[in-house]
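Asker: I would like the atomic coordinates for the input below:
(one chain, ligands or ions: 3)
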Amino acid sequence: MTERECAVYAAKEAAKVILSFHHQRATVQTTFKGPRDLVTNADVASEKAIISILKASFPEDHILAEEGHHATSVDEGRWWIIDPIDGTTNFAHAFPIFCVSIGLWVDGQPQLGVVLDVMSDECFVAEKGKGSTCNGVPIHVSETTDLSQSLLATGFPYHEFRRSEPYLNVFKHFLQEARSVRRPGAATYDLCSVAAGRFDGFYEFGLQAWDVGAAGLIVQEAGGLVTNWAGGDDWLFSNKVIAGNPAMHEAIQKVLEMHIPTDVLHSPTMDGAS
Ligand code: IPD
Ligand code: CA
Ligand code: CA
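Answerer: Ligands and ions are numbered 1, 2, ... in the order given. Predicted coordinates:
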């Protein structure tokens, strides 16, 4: 199996695991990682299934995964970056937007991204230099250039509300100036929706490598731009991500610069600390 075949197979097997919990809701057990940060037994089972499939084909590769395999750099070697359920809070409430996300980074660069929307069975795949597809059909970011005609998406982190005011000012700006703003509750879904031209742009803070490691490449290979809030290429571990078609990416960055203090734009937190 190629890396692409293996990642797609692993995502589909993980989706079967997640669906078996979803269809027997009494089997779903939820615990807390933080005051609002949930994890379920389905997250753990999905992660286990994905890792065992990847490890069977690529035993030497490294793993960065949300529920038990954390790392702070993927600069050296081959790293699979896994979010076993993106949208855990949605899943825990049976709100039907949650995805499996599997990315492959080699020596600090994204090579492959697979995001499977479990309920719709839409499978987004990108390989470096080969474009992005949804269920095998090529996808492309939108051509919207006017903020007033744009549909944007964002998310709210589970913690770090110390400096929520500037963030709310950004939100207010887009509520007034964009067509509308959506908050589906799964960053991979948001990013793939940008790649497919459904959303014109997306921004969020508090994101982790497993939220963006696969879907960031899917946006790039669909013709979009992905950066941190300061416009830099270090978006995997930056915590703060902007994605969009090139015009909307620029528009979002300008609005962030208007409302967010410069030190905060450049820091991984909302209070400017490093
Ligand atoms: C979360 C989702 C959500 C985003 C959070 C993420 P999880 O991931 O992507 O949309 O707002 O910041 O943590 O916890 O469901 O895997
Ligand atoms: Ca996630
Ligand atoms: Ca998750």
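
Asker: Tell me which residue in the stretch 101-250 of the chain sits closest to ligand 1.
Answerer: Closest approach between the stretch 101-250 of the chain and ligand 1, counting by Cβ to the nearest ligand atom: Gly155, at 2.8 Å. Where C-beta positions appear, they are placed from N, C-alpha and C, glycine not excepted.

Asker: any residues touching the lengthiest helix in the chain, and which ones?
Answerer: In the chain, with assignment by DSSP state H, the single longest helix is helix 3-22. For helix 3-22, contacts defined as Cβ atoms under 8 Å, 6 or more residues apart in numbering pick out 1, 27-28, 40-42, 45-47, 49-50, 53-54, 57-58, 80, 84-85, 91, 94, 98, 100-102, 104, 111-112, 114-116, 118, 121, 123, 125, 127.

Asker: got the contact list for the helix or strand hosting Leu217?
Answerer: If you go by DSSP states H and E, Leu217 is part of helix 215-221. The contact list for helix 215-221 (Cβ under 8 Å, 6+ apart) reads 101, 103, 110-113, 115, 124-132, 141, 187-188, 191-192, 194-195, 225-226, 235-236, 241, 243.

Asker: among these, which ones are buried?
Answerer: Buried members of these, counted by 16 or more other Cβ atoms under 10 Å: 101, 103, 110-113, 115, 124-127, 132, 141, 187-188, 191-192, 194-195, 225-226, 235-236, 241, 243.

Asker: What about these, which are in strands?
Answerer: 101, 103, 110-113, 115, 124-127, 132, 225-226, 241, 243 (DSSP state E).

Asker: Identify the residue spatially nearest to whatever residue of the chain ends up closest to ligand 2, adjacent ones excluded.
Answerer: Using Cβ to the ion, Asp86 is the residue of the chain that sits closest to ligand 2, at 3.8 Å. In space, and not counting its chain neighbours, Asp86 is closest to Thr188: 4.3 Å by Cβ to Cβ, 6 or more residues apart in numbering.

Asker: for Val255, same thing?
Answerer: His173 (5.3 Å).

Asker: just checking, the one you found touches Ile260?
Answerer: No - His173 lies out of contact with Ile260 (Cβ atoms under 8 Å); the separation is 10.9 Å.

Asker: Which of these two has more residues huddled nearby?
Answerer: Neighbour count, other Cβ atoms under 10 Å: between His173 and Ile260, Ile260 has more, with 22 against 16.

Asker: which element is the nearest residue to that one once chain neighbours are set aside on?
Answerer: Spatial nearest neighbour of Ile260, chain neighbours left out: Pro166 (4.9 Å); criterion: Cβ to Cβ, 6+ apart. Per DSSP H and E, Pro166 falls inside helix 164-177.

Asker: Say whether ligand 1 is contacted by that helix.
Answerer: No - Helix 164-177 lies apart from ligand 1 when judged by Cβ under 6 Å from any ligand atom; the minimum separation is 12.2 Å.

Asker: could you point out which element follows that helix?
Answerer: For helix 164-177, the following helix or strand on the C-terminal side (DSSP H and E) is strand 180-182.

Asker: which neighbours does that following strand have in its sheet, and in what orientation?
Answerer: Looking at strand 180-182 with DSSP bridges, its partner strands are strand 151-154 (parallel).

Asker: List the contacts of the strand it pairs with.
Answerer: Contacts of strand 151-154 (Cβ under 8 Å, 6+ apart): 171, 174, 178-184, 190, 193-194, 198-204, 248, 252.

Asker: Can you say which of those are buried?
Answerer: Buried, going by 16+ other Cβ under 10 Å: 171, 174, 178, 181-182, 184, 190, 193-194, 198-204, 248, 252, out of these.

Asker: So which of those residues belong to helices?
Answerer: Per DSSP H, these map to helices at Phe171, Phe174, Asp190, Ser193, Val194, Met248, Ile252.

Asker: Run through the buried ones among the contacts of helix 215-221 and flag the ones next to ligand 1.
Answerer: Ala187.

Asker: Check what pLDDT the nearest residue to Ile63 once chain neighbours are set aside gets.
Answerer: Spatial nearest neighbour of Ile63, chain neighbours left out: His69 (4.6 Å); criterion: Cβ to Cβ, 6+ apart. For His69, the model assigns a pLDDT of 94.

Asker: List the contacts of His69.
Answerer: Ile51, Ile63, Ile82.

Asker: Understood, closing this out.
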